[in-house]
Each structure stands twice: as structure tokens, then as C-alpha cells.
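Colleague: sequence and predicted structure are below.
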Amino acid sequence: MSARRTYRVVQWATGSVGASALRAIIEHPDLELVGVLVSDPSKEGRDAGDLCGVGSTGVVATRDVDAVLALAPDCVCHCPRNTSETTDEMAAILERGINVVSSVLLPALYPDARHVTPRSTQRLAQACARLVDDAGLRRQLGENGRQRVRAEFDWTVVFERYRALWRELGERRRADAALVPTLPVAVPDRLDPFELFASYPTVQLTPTALVELAPDASLALLRQYRELAINRFAHASLPTLEEFGQIFGSIESRPMQVDELLDALGQCDRPTLLRGLVWLSKMDLLRISAAEQ
């Protein structure tokens, strides 16, 4: 399994929203808090954990904007209390090539906001436009995205996480009898599967089993059944119409052993033809019976 990547994050401001974001960053296994920017002099120099009610982190808050941007984080979590400077702050972050998420983007850009000026929005637009103009930056961001998808969402990764979850659930069930209480003898909504399916299978498709066409079986009916919505999805895993025609022609009107039928068909994909025989039986176009002893 690929190693999980950790993203370096700066928390920008620690008001009511910022403190909640700060706590979430500290507690998230994929995020590493590398800096905290505050505006209140009383918060400067304090540990980030102290500002949001968690344990010590070793990251000390500062009021120095240049200092936190010089940390070159992967992302800034931008949660300012005063939105009048939001667009300039976000532009400054983006101009450094740093990703930013903000809790006040809409209030800052709302057309009727009194503090929004053409100058402030223009600077932010120019910072965003850099992505359009800088081919190297586009490639870098695209590759970062691909790496994250491979590391987090590739099926091999997801499947291993499912397996770990199943193992954990299994261990919990085995360790705690309360999780697996003994069921009563009769459970109306959970019928005994051995009783429920006692008549299945009625017969097994073995090499010596006998197969014969149903009295009303025909290729025309087969074509009709193949086009039913319930069957169309299975076309790729079943014999072709030509192969079904060969099966019909080989069986004709007499019972025939499965092995004898496969030999008569010559070069063929055995698993596909066996699936075809089972499917014909499900469609009531073929009868299967055990060989006489």
C-alpha cells in the first residue's frame, strides 16, 4: 500500500471559526500544522493547542505574516474575522504559489460589500490567473492531484482499507459476545438459509450430467430472451449467438452428456459454454438431469 501523504498547513486567524479549524487540523492524521497567524497580541507566542483547547503542539502563534508564508505550506486555512482585507490576504497567499481555503470568500466578493474595491478584486484575479499563464504550475498541481488520487483512491488502496476494516470488525465480534447475540430458534425475518434453499440446486452441472433441449426451445426464443433488460448485461460472459446455435445443433433432440457435448463442439472456451448451459437452464430452454447410475 502506498504511504499516506501529509499536507503542511498554516492556520490563518484563530477566532471562533479559526479555532475550530485549528483543532480539526491538529487532530487530522493527514495534516501537519506548521504555523499559526494571529492578530491579537495576547495570543502571540502561545502554543497552537492552547488556542483551541487541545494538548501542546510545539507550534507557536505569531503575528508575522511574512514568517508564516515563508514556511511554504501546502495550504493556508484562511479564517479572518475582518473581511475587509480578505481579497488582499488571499492574493498574497496565492502569489506565493500556496493553496488557500477560506471561510469568508463569498462575503469578501459579494457585489454589495462596501469594502470590496476594483483594486482588491483585481489583485486576487491576477493571482488566480497565474495558474492559466504558468504551464509549469499547472503541471505541478495536476501531478499533485494525480499522486493524491493514486495514494488515496486507487482501488488497490481502497480494497486494502476494506480488508483492514473487515479484519477489525471480525476481531471485535469475536472478542465481544454482546456483538453476536445468539439468535432464537425461529427468526421470522431471518429464515434459515439451509431450509429456505433446501431445494437448490435441483441438479448439478457435472461432466456426466445429461442435457437436452426443452420442448419449445428455439433460437428465435433464445434471441428474444437475450435482449431482455435482465440479460443484456451478461452478453460478454455468455456464448455468442453462433455458439448457441452450435449447442442447439449438437444436442438436437436427444439427451447428451456435458463432456460429450463439449467434445462435439471442438475448440471452445469451456467456462463460457458451461455458463451458457446454466443460463439456458435458467431460461427454461435446457433441461439438466443427473446421469443414470
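Modeller: Arrived safely, thanks for sending.
Colleague: against which helices or strands is the helix or strand harbouring Gly170 packed?
Modeller: Using DSSP states H and E, Gly170 falls within helix 155-175. Contacting helix 155-175 under the criterion 3 or more C-beta pairs under 8 Å, 6 or more residues apart in numbering; DSSP states H and E is no other helix or strand. All C-beta spots, glycine's among them, are computed from the backbone N, C-alpha and C.
Colleague: show me where this protein has strands.
Modeller: With DSSP state E as the criterion, the chain has strands at 7-12, 31-37, 61-62, 75-78, 99-102, 210-213, 256-257, 286-289.
Colleague: give me the contact list for the last one.
Modeller: Contact with strand 286-289 is made by 203, 205, 209-214, 217, 255, 277, 280-281, as judged by C-beta atoms under 8 Å, 6 or more residues apart in numbering.
Colleague: the helices in the stretch 101-250 of the chain, which residues?
Modeller: 105-109, 118-133, 135-153, 155-175, 193-196, 219-226, 229-232, 241-251 (DSSP state H, counting those that start in this stretch).
Colleague: redo the ones you listed as JSON lines? Include mean pLDDT.
Modeller: Output for the helices of the stretch 101-250 of the chain, formatted as JSON lines (pLDDT from 0 to 100):
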{"stretch": "helix 105-109", "mean pLDDT": "66"}
{"stretch": "helix 118-133", "mean pLDDT": "75"}
{"stretch": "helix 135-153", "mean pLDDT": "83"}
{"stretch": "helix 155-175", "mean pLDDT": "87"}
{"stretch": "helix 193-196", "mean pLDDT": "66"}
{"stretch": "helix 219-226", "mean pLDDT": "92"}
{"stretch": "helix 229-232", "mean pLDDT": "84"}
{"stretch": "helix 241-251", "mean pLDDT": "91"}
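Colleague: which among these is found nearest to Asp64?
Modeller: helix 118-133 (20.9 Å; C-beta to C-beta).
Colleague: gap between the closest one and the chain center?
Modeller: Centroid separation between helix 118-133 and its chain, computed with C-alpha atoms, centre = their mean, to the nearest Å, is 34 Å.
Colleague: could you dump that helix to CSV, C-alpha only?
Modeller: Output of helix 118-133 as CSV, limited to C-alpha atoms (Å, rounded to 0.1, in the frame of the first residue of the first chain):
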residue,chain,number,x,y,z
PRO,A,118,-11.8,47.0,-8.1
ARG,A,119,-8.2,47.2,-6.8
SER,A,120,-8.6,44.4,-4.3
THR,A,121,-10.5,42.0,-6.6
GLN,A,122,-8.1,42.8,-9.4
ARG,A,123,-5.1,41.6,-7.4
LEU,A,124,-6.9,38.4,-6.4
ALA,A,125,-7.9,37.8,-10.1
GLN,A,126,-4.3,38.3,-11.2
ALA,A,127,-3.1,35.8,-8.6
CYS,A,128,-5.7,33.2,-9.9
ALA,A,129,-4.8,34.0,-13.5
ARG,A,130,-1.3,32.9,-12.8
LEU,A,131,-2.5,29.4,-13.0
VAL,A,132,-3.7,29.9,-16.5
ASP,A,133,-0.5,31.5,-17.7
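Colleague: so what secondary structure elements neighbour it?
Modeller: Looks like helix 118-133 contacts helix 86-95, helix 135-153 (3+ C-beta pairs under 8 Å, 6+ apart).
Colleague: how far is the shortest one from where the chain is centred?
Modeller: So the one you mean is helix 86-95. 33 Å.
Colleague: for that helix, output the C-alpha coordinates as PDB.
Modeller: The C-alpha trace of helix 86-95 is given here as PDB (Å, rounded to 0.1, in the frame of the first residue of the first chain):
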ATOM      1  CA  THR A  86      -9.700  39.200   2.700                       C
ATOM      2  CA  THR A  87      -9.000  39.600  -1.000                       C
ATOM      3  CA  ASP A  88      -5.600  41.200  -0.500                       C
ATOM      4  CA  GLU A  89      -4.700  38.500   2.000                       C
ATOM      5  CA  MET A  90      -5.700  35.700  -0.300                       C
ATOM      6  CA  ALA A  91      -3.900  37.300  -3.200                       C
ATOM      7  CA  ALA A  92      -0.700  37.500  -1.100                       C
ATOM      8  CA  ILE A  93      -1.000  33.800  -0.300                       C
ATOM      9  CA  LEU A  94      -1.700  32.800  -3.900                       C
ATOM     10  CA  GLU A  95       1.100  34.900  -5.200                       C
END
